[in-house]
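Trainee: okay, predicted coordinates and the sequence, questions at the end:
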Amino acid sequence: MSPSPTSSAEAYPIGTVLEILAETYPTHPMSEITGCDPYKVLIACLMSLRTRDDTTFPLAEKLFKVADTPEKMVRLSLEDVQRYIYPVGFYKTKAVTILEISRRLIDEFGGQVPDDIETLTTFKGVGRKTANLVVGLGFDKPAVCVDVHVHRICNRLGYIETKDPEETEWALRDKLDVKYWPIVNKVLVRHGQECCKPIGPRCLECPVQAYCQKIGVKPAAGKKLKGKAKTITAKQPATMAD
């Protein structure tokens, strides 16, 4: 029986896994529509909550063509914002939140988005996932943004054993080398969307299946999961480009 991959941070070759996935998915799914601008990252992430990216991203691009700063956003009426972001989930509530956040940024922060998680989470509708994404993608500072994909895949790999995304964030902050923080959300979100799906993961197409313990993955009726995981003594890369 293989040793538990959660016994120590060094036992599981997470660096190898993340670097392989970084080659497979070189860009963050949100970087193209936001240009990594903190305000755009904040607004796009708010729009994306409980909404598929293929719905969110075209609408975010449409909105940013007319309002890509807090100052421009507050010039729009509530009805305008609702029209631009429809049909994202809860679009009426999100439109109110977008305008309230934009107004507060102007009134309290000179129109600039704060670059720390503690301040960001004081904004209406901003949780730790959104705050971490803004800090990491928007400001290029160390942050661990955990969504359902990151949570699911980290547990499925066998790297950690956690119950929810918030617990996963703290587990990764504790175990994962800080040099990998900037890429963990980028690669695992893309991997979760395109390959390691919640139901029916494409294990045979997975570039890191050899390292995956397939925790919780059930084979389809009449089929066996192929691709036995390597023993988890593989060496992690000595360095990674910053």
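Mentor: That came through fine. Numbering: from 1, shown residues only.
Trainee: quick one: contacts for residue 126?
Mentor: By Cβ atoms under 8 Å, 6 or more residues apart in numbering, the residues touching residue 126 are 42, 46, 101, 120. Backbone N, C-alpha and C define where each C-beta goes, glycine included.
Trainee: buried ones in stretch 18-32?
Mentor: 18-22, 25, 28-30 (16 or more other Cβ atoms under 10 Å).
Trainee: just name the closest of those to residue 143, please.
Mentor: residue 28 (12.5 Å; Cβ to Cβ).
Trainee: which of the buried residues of stretch 18-32 lies closest to residue 136?
Mentor: Nearest to residue 136 among these: residue 28, at 9.2 Å, using Cβ to Cβ.
Trainee: how about the contacts made by residue 103?
Mentor: Residue 103 makes contact with 70, 74, according to Cβ under 8 Å, 6+ apart.
Trainee: can you rerun that using 6 Å?
Mentor: Each residue near residue 103 by Cβ atoms under 6 Å, 6 or more residues apart in numbering is listed here: residue 74.
Trainee: please apply the same query to the one 10 residues further on.
Mentor: Residue 113 is in contact with 38-39, 42, counting by Cβ under 6 Å, 6+ apart.
Trainee: now with 7 Å, please.
Mentor: Contacts for residue 113 (Cβ atoms under 7 Å, 6 or more residues apart in numbering) come out as 38-39, 42, 105, 134, 138.
Trainee: top of the residues you listed by neighbour count?
Mentor: Neighbour count (other Cβ atoms under 10 Å) singles out residue 134 as the most crowded of the contacts of residue 113, with 30 neighbours.
Trainee: got the contacts of residue 126 as a markdown table, with secondary structure and pLDDT columns?
Mentor: As requested, the contacts of residue 126 are exported to a markdown table (DSSP: H, G, I helix; E, B strand; the rest coil; pLDDT from 0 to 100):
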| residue | secondary structure | pLDDT |
| --- | --- | --- |
| 42 | helix | 98 |
| 46 | helix | 97 |
| 101 | helix | 98 |
| 120 | helix | 98 |
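Trainee: may I ask which two of those residues are separated the most?
Mentor: Using Cβ to Cβ, those span at most 11.3 Å, a distance reached by 46 and 120.
Trainee: quick one, phi/psi of residue 50?
Mentor: phi 60, psi 30 (degrees, to the nearest 10).
Trainee: okay, which residue is most central for this structure?
Mentor: residue 185 (4.0 Å; Cα atoms, centre = their mean).
Trainee: please determine how far that residue is located from residue 111.
Mentor: Plainly put, residue 185 is 26 Å away from residue 111 if you go by Cβ to Cβ, to the nearest Å.
Trainee: in stretch 36-55, what's buried?
Mentor: For stretch 36-55, a neighbour-count test (16+ other Cβ under 10 Å) marks 37-49, 51, 53 as buried.
Trainee: no more questions from me, cheers.
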